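>>> Give me a model of this one.
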Amino acid sequence: MTSTTATTKSTPVITSAELLKHWQDHRTLSRKVLATFPEKDLYEFSIGGMRTYNVLAGEMLGLASAGINGVATGKWETTPALDHFNESIHITTKAEFLAAWDEVTEQIEVLWPQIPADRFQQTEAAFGQYPNTIINTILYLVDNEIHHRGQGYVYLRALGIEPPAFWDRF
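Residues are numbered from 1 along each chain as shown. Take a look at the predicted model:
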């Protein structure tokens with residue numbers, strides 16, 4: 001057995017465009033889960049003390065909006081046009097949730113190209129509290145959404161509703 005020295009190259013495993021597509025594909029599936037909820041159950045159904053799905057969806061919206069704003073601009077807050085994610089303001093219908101979801105999807109599409117390539121490796125305290133590299137913060141945003149979407153799957157199955165296929169992210 002021979003010993004060799006590995007050369008480390010700076011070849012990206014995933015491009016910025018591929019990461020954006022990955023996130024947006026997850027958001028497409030999460031939107032399908034949200035759309036599957038009956039209106040009443042979106043706001044009232046819960047299991048074992050978990051938050052209702054409207055609260056979970058609101059968290060996903062707020063994190064995505066403030067997250068992309070922070071990643072792109074360093075300001076970890078929702079944009080003024082999206083102030084309906086403020087905790088004191090509540091979205092009251094599924095249709096409003098779906099419209100807000102689409103609004104955040106567009107916000108991500110607009111802000112993503114403004115992220116300089118070197119920004120992904122910078123360390124910053126996301127939301128003023130969580131120091132990490134920008135790339136890892138983005139991965140957290142995707143992971144958090146997947147986690148809450150999974151709770152939505154449990155809720156839908158408990159309600160006797162077949163959720164969207166977990167692999168159907170397009």
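>>> Please, where are all the strands along the protein?
123-126, 130-133 (DSSP state E).
>>> Please identify the buried residues of the longest helix anywhere in the chain?
Longest among the helix segments of the chain by residue count, using DSSP state H, is helix 134-158. For helix 134-158, a neighbour-count test (16 or more other CB atoms under 10 Å) marks 134-138, 141-142, 144-145, 148-149, 151-152, 155-156 as buried. For every residue, glycine as well, the C-beta is placed using N, CA and C.
>>> can you check stretch 35-54 too?
Under 16+ other CB under 10 Å, the buried positions of stretch 35-54 are 36-37, 41-43, 45-46, 52-54.
>>> same question, stretch 100-113
100-101, 103-105, 107-108, 111-112.
>>> what two of those have the greatest distance between them?
Ala100 and Trp112 (18.5 Å; CB to CB).
>>> circling back: and which of the buried residues of helix 134-158 is nearest Ile14?
Ile135 (9.4 Å).
>>> Could you find the closest non-adjacent residue to the closest one?
Excluding the flanking residues, the one nearest Ile135 by CB to CB, 6 or more residues apart in numbering is Phe120, at 4.5 Å.
>>> Distance of that neighbour relative to Gly48?
37 Å (CB to CB, to the nearest Å).
>>> now do Tyr153
Relative to Gly48, Tyr153 is positioned 15 Å away (CB to CB).
>>> just Thr36 next, same as before
21 Å.
>>> what about stretch 43-56, start to end distance?
For stretch 43-56, the first-to-last residue distance is 10 Å (CA to CA, to the nearest Å).
>>> Go ahead and measure how far it is from the middle of the chain.
Centroid separation between stretch 43-56 and its chain, computed with CA atoms, centre = their mean, to the nearest Å, is 18 Å.
>>> How about stretch 23-30?
When distances are taken as CA atoms, centre = their mean, stretch 23-30 is centred 8 Å away from the chain's centroid.
>>> And stretch 17-35, by the same measure?
Using CA atoms, centre = their mean, the offset of stretch 17-35 from its chain centre is 8 Å.
>>> Mind listing what's buried along it?
For stretch 17-35, using 16+ other CB under 10 Å, the buried residues are 19-20, 23, 26-27, 29-34.
>>> mean confidence for it?
On average, the pLDDT along stretch 17-35 is 97.
>>> quick one: contacts of that stretch?
Contact with stretch 17-35 is made by 14, 42, 53, 57, 60, 64, 94, 97-98, 101-102, 104-105, 108-109, 112, 135, 138, 141-142, 145-146, 148-149, 152-153, 156, 163-164, 166, 168-170, as judged by CB atoms under 8 Å, 6 or more residues apart in numbering.
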